[in-house]
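Engineer: Below is the sequence, then the predicted model.
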Amino acid sequence: MRVFSDFSEIKSAVGTEIGVSDWVEVSQARINQFAEATCDEQWIHVDQERAAKEMPGGKTIAHGLLSLALAPLFIRSVIGLKGLRNTLNYGADRIRYLAPVPAGSKLRGRVTVAEAEDVPPDGLRVNYHLVIEIDGGKKPACIAELIALHYR
């Protein structure tokens, strides 16, 4: 984990990769919980028997939004900021899902600080470039620009 002592250190890190998270398994149980929570129970996500017959690779696949929902875990595992009071999710830009994530896959996040700008009175808006990689995959599962507001 890279720990920044203040906002100026984050601003000086613009354009650099901060770190790569540990792998996180996307189990069928996790997919099922996400499906239930979001009311997106499409068969490609939850019906293992049908997926075995009809899906390329014979497995269910995770929701694209499930991969994206792991972003806070990925980012918080590679970056720390001293003196932080709180962080708010400000939004996302340029989200692309480039490869399916079969049940049982492992994902990790590669995090870069893309932009950082002061937000008065005591905030910093940071755009994080996140590449969500699949263990053994040729393409990333997802690439996104995520925006956070950090307050001290």
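Structural biologist: Ah, there it is.

Engineer: Burial check on Pro140, number of neighbours?
Structural biologist: 20 (other Cβ atoms under 10 Å). Backbone N, C-alpha and C define where each C-beta goes, glycine included.

Engineer: That one: helix or strand, and which one exactly?
Structural biologist: Using DSSP states H and E, Pro140 falls within no helix or strand.

Engineer: need the contact list for it.
Structural biologist: For Pro140, the contact set (Cβ atoms under 8 Å, 6 or more residues apart in numbering) comprises 98-99, 131-134.

Engineer: any idea how far the closest residue to Tyr97 other than its chain neighbours is from Ala37?
Structural biologist: Spatial nearest neighbour of Tyr97, excluding adjacent residues (Cβ to Cβ, 6 or more residues apart in numbering): Gly64 at 4.0 Å. Distance of Gly64 to Ala37, computed by Cβ to Cβ, to the nearest Å: 15 Å.

Engineer: May I ask you to confirm that Glu36 belongs to a helix?
Structural biologist: Yes - residue state for Glu36 (DSSP: H, G, I helix; E, B strand; the rest coil) corresponds to a helix.
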